[in-house]
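Chemist: attaching a predicted model along with its sequence, questions to come.
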Amino acid sequence: MQLFKAKVKPPLLIIIAFITILAGSCTTDKDIKAQLTGMAKSDVNFAGVAYSVEGKTVTLTGKCPSQKAKDAVEQAVKNIKVINGINNQIQISPVTLDMGFALKLAVDSVLATYPTVYADVAQNNVVLKGNIKKAELVPLLTSVKKLNLPNVKNQLITN
């Protein structure tokens, strides 16, 4: 005698995997940029590297002191599973860890919420580059101004 009819339910692991996939696909350029900023703070290989994100594609510019360092940066970026690609324009060139490095980290922290903006930092000079929405320009420049930087040049393209 059958007392109840068992219903077949999808295993819990399949549901969890599906939710994880959905959550990963919702990652924004801003989230990716924030993750890169965190990497740059803890990985010296990023010391001479600038980065921006557009359409989940990461663009790397600047310099690394060796091919090994350049490869380490690219591999770290590849570990961000939701990116669509990497445009690696890093050049092999000496990188000096001086006060400019601390300045770069401070500027990168401000730029973490602006995925298509990056900064070239050299000899206490900061050049803001990339694209930014017109409505975001004043808040960005206000945040950068709070860093009390000696020389900031704005080369941003507004859209």
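Modeler: Arrived safely, thanks for sending.

Chemist: contacting residues for residue 85?
Modeler: Taking CB atoms under 8 Å, 6 or more residues apart in numbering, we find residue 85 in contact with 56-58. In this view, the C-beta of every residue, glycine as well, is placed from N, C-alpha and C.

Chemist: now residue 113
Modeler: 30, 33-34.

Chemist: counting neighbours, which of the residues you listed comes out on top?
Modeler: Sorting the contacts of residue 113 by how many neighbours each has (other CB atoms under 10 Å) puts residue 33 first, at 24 neighbours.

Chemist: mind showing which ranges of the chain have poor pLDDT?
Modeler: 1-26 (pLDDT under 70).

Chemist: check which helix or strand the residue most central in space within it maps to.
Modeler: What sits nearest the mean C-alpha location of the chain, by CA atoms, centre = their mean, is residue 33, with 2.5 Å. Per DSSP states H and E: residue 33 is located in helix 29-42.

Chemist: so what's the gap between that helix and the chain middle?
Modeler: Once both centres are worked out by CA atoms, centre = their mean, to the nearest Å, helix 29-42 turns out to sit 4 Å from its chain's centre.

Chemist: which parts of this protein are strands?
Modeler: Remark: strands assigned in the chain by DSSP state E are 49-54, 57-64, 85-88, 91-92, 117-122, 125-132, 151-154, 157-158.

Chemist: need those in CSV (columns: distance to residue 108).
Modeler: Below are these laid out as CSV (distance: least, CB to CB, whole Å):
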stretch, distance to residue 108
strand 49-54, 8
strand 57-64, 11
strand 85-88, 18
strand 91-92, 19
strand 117-122, 7
strand 125-132, 11
strand 151-154, 14
strand 157-158, 20
